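Trainee: Can you look at this prediction? I've put the sequence above it.
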Amino acid sequence: MTSIEMYYRDFCGFCARAEQLLSSKGVDVRRINIWEVDGAKEEMVQRSGGRTTVPQIFIDGQHIGGSDDLFDLDFQGKLDAMLGL
């Protein structure tokens, strides 16, 4: 099963948009709130190569990027394969 992690924060429209796309694909997402989980923001920045914006999305440990990157992968027809669909 594909592992999907998304670092997010509350009241983030880009986060909600990314989550809606992933939900529409029927996949489970491990959501990590950078405001509520101690050390989550620092972990996100380290794992994403210095990115400080949310969401930051990882599929099977591979950094995908943010919401726009996720939608670009979907538009290119690559996202389903990455999700194992």
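Mentor: Ah, there it is. Numbers count the residues shown, from 1 in each chain.
Trainee: hang on, residue 61 packs against residue 30?
Mentor: No: under the criterion of C-beta atoms under 8 Å, residue 61 makes no contact with residue 30, lying 11.7 Å away. For glycine as for every other residue, the C-beta is placed from the backbone atoms N, C-alpha and C.
Trainee: shared neighbours of these two, anything?
Mentor: Counting by C-beta atoms under 8 Å, 6 or more residues apart in numbering, the shared contacts of residue 61 and residue 30 are residue 3.
Trainee: Need phi/psi at the residue lying farthest from the centre of the chain.
Mentor: The C-alpha centroid of the chain is most remote from residue 38, which lies 18.5 Å away (C-alpha atoms, centre = their mean). Residue 38 has phi and psi values of phi -60, psi 130 when expressed as degrees, to the nearest 10.
Trainee: Could you pull out the strands in the protein for me?
Mentor: Taking DSSP state E to define them, one finds strands in the chain at 4-8, 30-33, 56-59, 62-65.
Trainee: gap between the longest helix along the chain and the chain center?
Mentor: In the chain, assigned by DSSP state H, the helix with the most residues is helix 13-24. Computed by C-alpha atoms, centre = their mean, to the nearest Å, the chain-centroid distance of helix 13-24 equals 9 Å.
Trainee: What's the mean pLDDT across that helix?
Mentor: Averaging pLDDT along helix 13-24 yields 98.
Trainee: how about the residue most central in space within the chain, what does it touch?
Mentor: Residue closest to the mean C-alpha point of the chain, counted by C-alpha atoms, centre = their mean, is residue 57 at 2.2 Å. Listed by C-beta under 8 Å, 6+ apart, the contact set of residue 57 reads 4-7, 18, 63-67, 69-70.
Trainee: rerun that using 6 Å as the cut-off
Mentor: Residues near residue 57 by C-beta atoms under 6 Å, 6 or more residues apart in numbering: 6, 64, 70.
Trainee: Kindly report the same for residue 77.
Mentor: Contacts of residue 77 by C-beta under 6 Å, 6+ apart: none found.
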